[in-house]
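Q: Generate a structure from the sequence data that follows.
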Amino acid sequence: MSYIRIWIHTVFVTKNRASFLTKEMKNKTISHIQENAKKKEIYIDTINGDKEHLHCLLSLSAEQSVAKVMQLIKGEVSNWINKTNQTKTKFGWADEYFAVSVSESQINAVRNYIRTQEEHHRNKSFSEEYYEFMKKHGFTNLG
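A: Residues are numbered from 1 along each chain as shown. I've put the predicted structure just below:
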């Protein structure tokens, strides 16, 4: 048996950064993502976000890749939202997402950051957060 612990902090955004995730819709979406993740053996430690994005701290198993896990999470919840008419217009996620590794020593800081998203975004827009995240992690496309 292999013992693996690979922590990943992901951020995914609604298509065109549309503010679909009202408090009620965000809570429904997060609950659905968590239920679906359990069925697919995806370990989500912490998940939260704001009107147009979600942060997720997850741990990959030996058989999982970031791309496959993100496809399963984003694709399935988009399908559920649209199939059950959770929104008045068609819902979708942007194709891109962020994903960075997290060291064990930073897990609690990342958990806290994700849990306090509403408070965080009272003072900082998602656009500001996006730019800081890209810069902090050395992504060169700062568009």
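Q: From what I see, Val13 and Trp93 are in contact.
A: Yes. Counting by CB atoms under 8 Å, Val13 does reach Trp93; the two are 6.8 Å apart. In short, each C-beta sits where N, CA and C put it, glycine included.
Q: ranges for the helices of this protein?
A: Secondary structure of the chain, counting by DSSP state H: helices at 23-39, 66-83, 107-115, 117-123, 126-136.
Q: Indicate which one of the ones you listed is closest to Glu52.
A: helix 126-136 (5.8 Å; CB to CB).
Q: Off-centre distance for that closest one?
A: 15 Å (CA atoms, centre = their mean, to the nearest Å).
Q: Show the contacting residues for His9.
A: His9 is in contact with 55-57, 98-102, 110, 114, counting by CB atoms under 8 Å, 6 or more residues apart in numbering.
Q: Just the buried residues of these.
A: For those, a neighbour count by 16 or more other CB atoms under 10 Å gives the buried set as 55-57, 98-100, 102, 110, 114.
Q: Stretch 10-30 - what's its average pLDDT?
A: Here stretch 10-30 scores 94 as its mean pLDDT.
Q: With only the CA atoms kept, save stretch 95-106 in PDB.
A: What follows is stretch 95-106 as a C-alpha-only set of coordinates in PDB (Å, rounded to 0.1, in the frame of the first residue of the first chain):
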ATOM      1  CA  ASP A  95     -12.300  26.700 -18.400                       C
ATOM      2  CA  GLU A  96      -9.200  27.700 -16.400                       C
ATOM      3  CA  TYR A  97      -8.600  27.300 -12.700                       C
ATOM      4  CA  PHE A  98      -5.700  27.800 -10.300                       C
ATOM      5  CA  ALA A  99      -4.000  24.900  -8.500                       C
ATOM      6  CA  VAL A 100      -1.000  25.100  -6.300                       C
ATOM      7  CA  SER A 101       0.600  22.600  -3.900                       C
ATOM      8  CA  VAL A 102       0.400  23.400  -0.200                       C
ATOM      9  CA  SER A 103       3.000  22.200   2.300                       C
ATOM     10  CA  GLU A 104       1.900  20.500   5.600                       C
ATOM     11  CA  SER A 105       3.100  23.500   7.500                       C
ATOM     12  CA  GLN A 106       0.700  25.800   5.700                       C
END
